[in-house]
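Novice: here are the coordinates; sequence isn't available:
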């Protein structure tokens with residue numbers, strides 16, 4: 001299980017408009033520093049896993065798994081990669097936790113304090129993890145399921161060609177969970193699993209509509225999405241909505257981000 005007291009490394013914030021660097025074998029040093037060499041059974045794969053976690057900030061284990069599989073030329077979700085992550089966790093270099101998001105499960109993978117030190121010692125430049133950014137902005141450990149949902153949605157957005165900025169600073173009362181950027185298009189999105197009071201959510205939809213002229217929301221599943229859209233329609237004449245279950249189902253087909261649209265926003269997000 002993830003350690004709730006895991007110290008957050010001091011890291012450099014990446015440019016919001018740029019995609020994280022792609023890890024590949026050519027960017028990996030030929031061997032780890034001698035003081036860390038005994039840690040690694042397979043430097044190429046284990047070193048790349050640390051590099052991806054350190055330099056992308058991605059916290060969804062599947063995103064790291066997929067990038068690593070692509071870099072070394074194997075299938076994502078393979079047993080060898082599952083064993084690799086288990087070994088890194090046993091060594092204390094990473095922590096992991098699986099969250100049930102209501103019809104969807106999300107595994108979160110993080111560099112531990114030791115893992116951050118080893119990654120830096122191997123020459124990798126650390127950037128803020130998605131997890132650290134979300135917990136710092138949204139209530140810490142009380143909001144872990146919300147953070148996991150945001151990480152999962154961020155992965156789905158990147159699969160569809162969007163650059164993701166978490167917890168952006170905006171004018172006014174809105175506090176969007178993320179910004180999606182692609183070309184000249186920018187969408188502020190609220191990620192919601194129907195938690196808390198309906199009145200709080202209504203304020204959220206109104207604030208978001210005031211910010212960009214429409215609501216854009218992602219729910220955890222289709223049933224929640226339908227109920228949230230009913231709320232959002234009462235708060236804004238225009239909007240788009242999706243849910244994580246639908247996005248996962250369509251991720252290999254490159255299907256559109258949005259499952260529902262209302263008002264004059266039919267062209268948002270392709």
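Specialist: Thanks, I have it. This is a predicted model, so every value here is computed, not measured.
Novice: CA atoms for contacts and neighbours, from now on please.
Specialist: Fine.
Novice: Give me the distance between the closest residue to residue 33 other than its chain neighbours and residue 145.
Specialist: Spatial nearest neighbour of residue 33, excluding adjacent residues (CA to CA, 6 or more residues apart in numbering): residue 122 at 6.2 Å. Separation of residue 122 from residue 145 (CA to CA, to the nearest Å): 32 Å.
Novice: again, but for residue 74
Specialist: Distance, residue 74 to residue 145, by CA to CA: 30 Å.
Novice: State the distance from residue 190 to residue 167.
Specialist: Here the criterion is CA to CA. By it, residue 190 lies 10 Å from residue 167.
Novice: Secondary structure of residue 241: a helix, I assume?
Specialist: No - with DSSP: H, G, I helix; E, B strand; the rest coil as the criterion, residue 241 is located in strand rather than a helix.
Novice: partner residues bridging residue 110?
Specialist: Per DSSP bridges, the residues bridged to residue 110 are residue 95.
Novice: isn't it right up against residue 92?
Specialist: No - the pair residue 110 / residue 92 is not scored as a contact, 10.7 Å apart, by CA atoms under 8 Å.
Novice: Look at these two and report which has more neighbours.
Specialist: residue 110 (28 against 14; other CA atoms under 10 Å).
Novice: which residues touch the residue positioned nearest the centre of the chain?
Specialist: Taking CA atoms, centre = their mean, the centroid of the chain lies closest to residue 151, which sits 2.4 Å from it. Residues in contact with residue 151, defined by CA atoms under 8 Å, 6 or more residues apart in numbering, are 58, 59, 60, 130, 131.
Novice: is it fair to say it lies in a helix?
Specialist: Yes - inclusion of residue 151 in a helix is indicated when three-state DSSP is applied.
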